[in-house]
Each structure stands twice: as structure tokens, then as C-alpha cells.
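Q: Give me a model of this one.
(one chain, ligands or ions: 1)
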Amino acid sequence: MHSLHSPNFIYFYTMAIQRFQGSSVQLDFGPLTESSFPQKLAQFSAQKILILVDENTQQHCLEYLLTSFEQLAHAEVIVLPPGEETKSIDYALQLWELLTDYEVSKKDLLICLGGGVVSDLGAFVASTYKRGLNCILLPTSLLAMIDAAIGGKNGIDFKGYKNLIGTIQQPDYIYMDPGFLHSLPWPEYLSGLGEGLKHSLISGLDLWQHYKNDVAFAIENKQQLSTALLWELIQVKINIVEQDPFEIGVRQVLNLGHTLGHAFEARCMESEPIAHGVAVAWGLAYEAQIAQAQGLLDQDAAQELFDFVRANYSALPEIAQDAMGLVPFLNQDKKNQDNRWRYAALKSPGSYLLNQSFDLAQLKAVLKS
Ligand SMILES: NC(=O)c1ccc[n+]([C@@H]2O[C@H](COP(=O)([O-])OP(=O)(O)OC[C@H]3O[C@@H](n4cnc5c(N)ncnc54)[C@H](O)[C@@H]3O)[C@@H](O)[C@H]2O)c1
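A: Next up is the predicted model:
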């Protein structure tokens with residue numbers, strides 16, 4: 001039996017640890033107290049340990065960590081403001097300064113306890129400080145568990161563009177305790193389901209059908225997905241990262257929905273911010289419309305996906321539906337080649353074409369329709 005205590009809840013659940021130890025990804029999924037986390041911490045008994053949180057994970061997740069693992073009793077805790085704006089050079093700079101002032105050495109340990117913002121920023125700082133500080137990720141949001149924490153892509157936004165500066169370096173270990181999800185606000189859970197949608201489409205018809213039904217039930221009842229389904233989604237990402245850790249080939253499929261998704265998210269960031277996973281869900285829906293217009297995806301499949309997103313997510317802000325407003329963000333996309341906007345096109349669930357492109361006229365047509 002595993003108990004998860006925080007000021008706001010006491011949550012009991014049992015689950016066997018699922019472990020993956022590949023050449024890139026090292027991960028335990030299940031109750032933290034039953035994972036190899038305590039043994040891992042023991043390796044750092046003579047070192048400094050720092051825990052990076054944001055104000056929300058400080059409030060909801062930190063106490064459990066500090067009270068369950070005595071090795072962490074004297075850890076330094078660094079608290080960030082929550083939200084995408086924290087994934088910035090200003091906060092990276094402050095963290096580098098703090099590590100320097102605290103005389104942190106390469107052998108010390110940074111634990112990132114939070115969603116994708118904490119893990120993207122924290123792991124970026126860890127990968128650059130003294131050319132690589134030990135780093136363990138403890139994702140606490142659905143999105144970070146099924147996606148952001150896996151695969152070693154670390155980074156910050158820059159000049160309003162998503163993930164412009166970053167590194168690819170795997171963390172030393174990832175511990176995913178689904179108990180943390182208990183305090184995650186529902187809109188953030190919905191956002192995570194957007195990346196889950198992508199994984200289910202990449203995997204194939206079986207997982208897509210299963211996912212569609214379970215998500216419809218989860219949303220209707222405001223209930224979380226089963227840990228078995230979470231593990232399936234996590235494995236989709238692990239399998240791709242293991243095949244192609246540096247995104248030379250197959251890993252590009254994880255950009256499905258992200259060419260437009262990142263443009264939507266960045267376009268709205270200043271005036272009407274939308275959650276990353278919501279932007280990705282709409283990116284998937286509109287990129288499917290483009291693939292259909294290009295004759296790559298059949299109309300029924302594109303429409304089914306569009307209807308699914310429309311039924312489960314609030315509409316995109318109007319500024320995101322103005323094609324010209326998206327152009328500067330699409331022009332900064334890291335995948336661009338020969339001045340073409342690249343995207344991964346879905347052909348059918350489980351089947352896709354990498355390195356496809358679309359133009360402004362095609363974008364205008366789908367946004368208008
Ligand atoms: N590195 C990658 O491969 C990768 C992949 C996908 C997304 N991302 C990035 O991840 C980020 C989005 O991640 P996110 O959705 O986790 O955002 P986030 O880190 O901002 O978390 C969302 C919100 O939930 C709160 N929160 C997190 N866990 C909580 C918990 N257990 N209880 C209560 N509140 C909690 C956070 O404080 C925040 O307010 C984006 O910046 C995106 O670009 C990175």
C-alpha cells in the first residue's frame with residue numbers, strides 16, 4: 001500500500017512498478033516509495049541535492065516528497081512562478097546564478113518536481129551548467145508524464161518563439177508517480193490529453209479507438225484515465241525515443257500536430273494564453289485537414305479527429321485562427337527547410353508521412369473552413 005499525503009489530500013493506491021531501462025530512457029512508473037528512487041537518492045548521500053518546483057507543485061507535491069524520503073530533509077528547494085512565461089532566459093539565468101553561488105558541482109543533483117515547464121527549464125539548466133549536472137525528473141502533470149519528461153529535449157522559449165533555445169540530453173532517471181495527478185487541476189489534465197491524443201494516433205487504430213472511448217468517458221465523468229492506459233501512452237513515446245534519440249528520422253513523428261500547435265500557442269501567449277496540450281489538440285485537428293486537402297488522409301478520418309477535438313476542447317481564440325498572424329511563428333519553426341513549413345502528415349492512425357509541407361494558401365483554406 002502506498003499513501004500519498006499533501007496538505008490537500010490523502011490518496012491511497014496500489015500498483016506494481018513498471019520499469020523501462022533502455023539506452024536512452026531510464027524510467028519507473030508507479031508509487032515513488034516503491035520505485036528505485038530511495039536507492040537512487042542514496043547514491044547522492046554525500047552530495048548537495050536541490051529540488052526545483054513551481055508554486056503549485058510546492059503546494060501540492062513537495063511535502064509528500066520531503067516527508068517520505070529522509071535523504072531530502074536538507075535539500076535546497078527552489079521555487080519558480082508557475083506558467084509558460086517561466087520557461088525563459090531570465091529564469092535560466094537566475095538558476096545558473098543560484099547554482100554558481102551555492103557552489104553546486106557536477107556531482108550534485110537537481111530534482112525537477114513539476115510539469116513540463118519545470119522539467120524543460122530545469123533539465124536545460126542542468127544540461128548546460130558545468131556541461132552537465134545530475135538531473136532526475138519527477139513529472140507531476142499528465143502532459144509531463146506522457147510526453148515532456150521523456151526523451152531529453154530540454155529548453156526555453158525565446159523572443160516569443162517556442163523552445164527556440166535548448167539541448168537534447170537525457171536525464172539520469174525519470175520517476176513517474178501517477179499519485180501526483182490527484183491534485184492536477186482539470187483544465188491541465190485536459191491539456192495532457194491533447195498529447196495523449198497524438199500518441200494514440202501515432203500508435204495505430206487499436207489505441208486510437210480505445211483512447212477515444214476512454215477519453216469521452218473520462219471527460220463526461222471528470223475522471224482520470226486508468227494507469228494501464230497511461231502506461232501504454234508512455235510506452236509509445238519511449239519506443240520512438242529509443243529508436244531515434246536525436247530526431248534524425250522516426251522521432252519527427254512526435255511533431256504531429258506541433259507545427260500548427262506551437263504556432264497557435266505562441267500566437268496566443270501574450271494576450272490569451274492557451275495550454276500547450278490544447279494547442280496541440282487543435283494542431284492535430286487542423287493538420288489533419290491539411291493532410292486531407294493534400295489527398296494524404298481520407299475525409300472521414302480527418303473529420304472524425306476534428307469532431308473529437310471540437311467536442312472536447314474549447315474553441316481556439318480568434319487571433320489563432322488568423323493565418324497571417326501565425327506566419328512569423330511558422331517561419332521560426334525548427335523543422336523548416338528551403339523556406340517550407342514542414343509537418344508530419346497523418347495518413348491513417350498508425351501510418352504517417354514525415355517531411356511534408358504546406359503553404360499559406362492551404363493554411364488559410366483550412367482555417368476558413
Ligand atoms: N520536452 C519535451 O519533449 C516536451 C514535450 C511536450 C511538451 N513540452 C513542454 O511542456 C510544457 C507544458 O507542460 P505542462 O502542461 O505540464 O505545463 P506546466 O508545467 O505549466 O504545468 C501546468 C500547470 O499545472 C500545475 N501543476 C503541475 N503538476 C501539478 C500537480 N500535480 N498538482 C497541481 N498543479 C500542478 C503547474 O504548476 C502549472 O500551473 C510546455 O512548455 C511544452 O512546450 C515539452
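Q: Give me every residue in the stretch 51-200 of the chain lying close to the ligand.
A: 54, 56-57, 60-61, 82-84, 87, 114-118, 120, 140-141, 143-144, 147-148, 151, 153, 162-163, 180, 183-184, 188, 191, 195 (CB under 6 Å from any ligand atom). Yep, even glycine has a C-beta here, placed from its N, CA and C like the rest.
Q: Make a PyMOL selection of the buried ones in the residues you listed.
A: For the buried members of these, the matching PyMOL selection, counting by 16 or more other CB atoms under 10 Å, is:
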select buried, resi 54+56+57+60+61+82+84+87+114+115+116+117+118+120+140+141+143+144+147+148+151+153+162+163+180+183+184+188+191+195
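Q: So which of the residues of the stretch 51-200 of the chain next to the ligand belong to strands?
A: With strands defined by DSSP state E, the entries of these inside them are 54, 114, 153, 162-163.
Q: For the residues you listed, give me CSV that also has pLDDT and distance to Ala218.
A: CSV is the format used below for these (pLDDT from 0 to 100; distance: CB to CB, whole Å):
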residue, pLDDT, distance to Ala218
Asp54, 98, 25
Gly114, 98, 23
Lys153, 98, 27
Lys162, 93, 27
Asn163, 95, 28
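Q: which element is Leu225 on?
A: Taking DSSP states H and E as the definition, Leu225 sits outside all helices and strands.
Q: Residue ranges in the stretch 1-150 of the chain under the pLDDT threshold?
A: Along the stretch 1-150 of the chain, segments meeting pLDDT under 70 span 1-12.
Q: now the strands for it?
A: Assigned by DSSP state E, counting those that start in this stretch, the stretch 1-150 of the chain shows strands spanning 2-6, 9-13, 18-21, 26-29, 49-54, 76-80, 109-114, 134-139.
Q: Report the beta-bridge partners for the closest residue in space to Gln332 that isn't next to it in sequence.
A: Sequence neighbours aside, Tyr161 is the residue nearest to Gln332 in space, at 4.5 Å (criterion: CB to CB, 6 or more residues apart in numbering). Residues in a beta bridge with Tyr161, per DSSP bridges, are Phe158.
Q: List the contacts of Tyr161.
A: 266, 329, 332 (CB atoms under 8 Å, 6 or more residues apart in numbering).
Q: what's the pLDDT at it?
A: At Tyr161, the model reports a pLDDT of 93.
Q: distance of the residue lying farthest from the centre of the chain from the ligand?
A: Using CA atoms, centre = their mean, the residue of the chain lying farthest from its centre is Ala46. It sits 31.9 Å away. Applying CB to the nearest ligand atom, to the nearest Å, the value for Ala46 to the ligand is 30 Å.
Q: number of nearby residues for Tyr189?
A: If you count neighbours by other CB atoms under 10 Å, Tyr189 ends up with 20.
Q: cool, Glu272 as well?
A: Neighbours around Glu272, by other CB under 10 Å: 12.
Q: So it: helix, strand or coil?
A: What DSSP: H, G, I helix; E, B strand; the rest coil gives for Glu272 is coil.
Q: Torsion angles phi and psi at it?
A: When quoted as degrees, to the nearest 10, the phi and psi of Glu272 stand at phi -140, psi 70.
Q: can you check Gly350 too?
A: Torsion angles at Gly350 (phi, psi; degrees, to the nearest 10) stand at phi 90, psi -10.
Q: Check what pLDDT it gets.
A: Per the predicted model, pLDDT is 96 at Gly350.
Q: Then Asp338?
A: At Asp338, the predicted lDDT confidence score is 82.
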